[in-house]
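Asks: Here you go, sequence then predicted model.
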Amino acid sequence: MERIIIKAPDSVSAIMIGARWEAVTKLLPEKGVVIVTDKNVFKLYGKNFPKFPVIRIVPGEESKKLRVIESLAGKLLKMGIDRSGFILAIGGGVVCDVSGFLASVYMRGIRCGYVSTTFLSQVDASTGGKTGVNLGMIKNVIGNFRQPEFVICDSTMLRTLPDDEYLSGLAELIKTGIIGDPSIIEMLEENYARVILRDRELLSDLVARSVKFKASVVAKDEKESGLRRILNFGHTFGHAIELQGSFKHGFAVASGMELATLFSFKKGLIDKKVCNRVISLLKKYGMLSNYTMPSGIIEEFILHDKKKTGEYIHFVFIEGIGIPCIKKIPLSDVVDFYKKLKKGN
């Protein structure tokens, strides 16, 4: 097992990679614990949950709504959970987002921890303390930062994921390699068969590399005022693709990364070799979606992007593998690039 510590100004979070998820029992208080999970995860693992009350939510983005938070808070009240309570999230990104947000606002804040069951959650969503719910079609516009006390990432749980869910998480891992750790890209290029077969040892290594990089970024910029923005590589286009076309997050972000890479090439920040290397890897793992998105949709979603400041946006480009850069550019530049690209195709 590898233990990675994230030290933020007001909290410390321990990410445990390679630990068996059942060991979570040793990390919990003796009482006042409530488990939040979804129906799919409960069906797979519920019989082995710690012996505490369980609340099940609907799987997927449908649960990332304020009315769900209100309903869950009401259930906590009925259970008699007070400020000494503890929320244990067992699930993927949605369960962790919802549980973390609930923990941050219930009684003005109670403790929480995660058992991360999906690849996407292990390499991205469960690390860093971001929580949030959607507002209409706009993702994560209501939320805050809440570090869990611990996160357990057990790669054996990834074997039960459907193929598309597994690959969705792999896209975020590729993102981390592109912006921060080139060794991840090399390992994915050289170990295709082991990745597809979900080799436990390899996946634990890849998750650890991803978490270490993200932890280093979060420790320097917990509230995303500067450096942490690099973690949004591919997300400006990706969120629009995801919501407009109902694609899984990772596949949409993969297409967003393709666009951001092409945008970087157009700006003269990378050469053709780097551009082709990124796009070839995304294609190799079958991640690029056949999306159809009118230019007007891009413009509409960018207007609500959290990285927007007035008529400008902090857009994440790359200058090479492992070399991200953030440039404040006019929103119109992003829209014009997409329009010309679609016209050229």
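Replies: Yep, it's here.

Asks: residues of the host helix or strand of G238 that come out buried?
Replies: Following DSSP states H and E, one finds G238 within helix 235-245. Residues of helix 235-245 classed as buried by neighbour count (16 or more other C-beta atoms under 10 Å): H235, T236, F237, G238, H239, A240, I241, E242, L243, Q244, G245. In short, each C-beta sits where N, CA and C put it, glycine included.

Asks: ditto for stretch 209-217
Replies: When neighbours are counted by 16+ other C-beta under 10 Å, the buried residues of stretch 209-217 are found to be R209, S210, V211, K212, F213, K214, A215, V217.

Asks: ok so F247 is a helix residue?
Replies: No: according to DSSP: H, G, I helix; E, B strand; the rest coil, the state of F247 is coil, so it is not within a helix.

Asks: And it, how far from T127?
Replies: For F247, the distance to T127 under the criterion C-beta to C-beta, to the nearest Å works out to 23 Å.

Asks: Between these two, tell me which one has more neighbours.
Replies: More neighbours sit around T127 than around the other of F247 and T127, counting by other C-beta atoms under 10 Å; the figures are 29 against 20.

Asks: And H314, what's its pLDDT?
Replies: Turning to H314, the model gives it a pLDDT of 89.

Asks: Point out where the protein drops to low pLDDT.
Replies: 125, 223-225, 303-308, 345 (pLDDT under 70).

Asks: In helices, which of the buried residues of stretch 209-217 fall?
Replies: Among the buried residues of stretch 209-217, the residues falling in helices (DSSP state H) are R209, S210, V211, K212, F213, K214, A215, V217.

Asks: counting contacts, what elements does the helix or strand where A73 lies pack onto?
Replies: For A73, the host element (DSSP H and E) is helix 66-78. Contacts of helix 66-78 with other secondary structure elements, assessed using 3 or more C-beta pairs under 8 Å, 6 or more residues apart in numbering; DSSP states H and E, are made with strand 54-57, helix 93-105, strand 130-135.

Asks: repeat that with 7 Å
Replies: Contacting helix 66-78 under the criterion 3 or more C-beta pairs under 7 Å, 6 or more residues apart in numbering; DSSP states H and E are the following elements: strand 54-57, helix 93-105.

Asks: Which of those sits closest to Y114?
Replies: With distances scored as C-beta to C-beta, the stretch of the helices and strands packed on helix 66-78 nearest to Y114 is helix 93-105 (5.1 Å).

Asks: elements contacting the closest one?
Replies: Under the contact rule (3+ C-beta pairs under 7 Å, 6+ apart), helix 93-105 is packed against strand 33-38, helix 66-78, strand 86-91, strand 111-116, strand 130-135.

Asks: 8 Å instead, please
Replies: Applying 3+ C-beta pairs under 8 Å, 6+ apart, one finds that helix 93-105 makes contact with strand 33-38, strand 54-57, helix 66-78, strand 86-91, strand 111-116, strand 130-135, strand 138-145.

Asks: can I get the ones you listed in TSV with mean neighbour count?
Replies: Putting the helices and strands packed on helix 93-105 into TSV (neighbours: other C-beta atoms under 10 Å) gives the following:
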stretch	mean neighbour count
strand 33-38	24
strand 54-57	18
helix 66-78	14
strand 86-91	27
strand 111-116	27
strand 130-135	21
strand 138-145	17
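
Asks: got JSON lines for these, with distance to E319 too?
Replies: Supplementary listing: these in JSON lines, determined by distance: least, C-beta to C-beta, whole Å:
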{"stretch": "strand 33-38", "distance to E319": "40"}
{"stretch": "strand 54-57", "distance to E319": "41"}
{"stretch": "helix 66-78", "distance to E319": "39"}
{"stretch": "strand 86-91", "distance to E319": "36"}
{"stretch": "strand 111-116", "distance to E319": "31"}
{"stretch": "strand 130-135", "distance to E319": "26"}
{"stretch": "strand 138-145", "distance to E319": "27"}
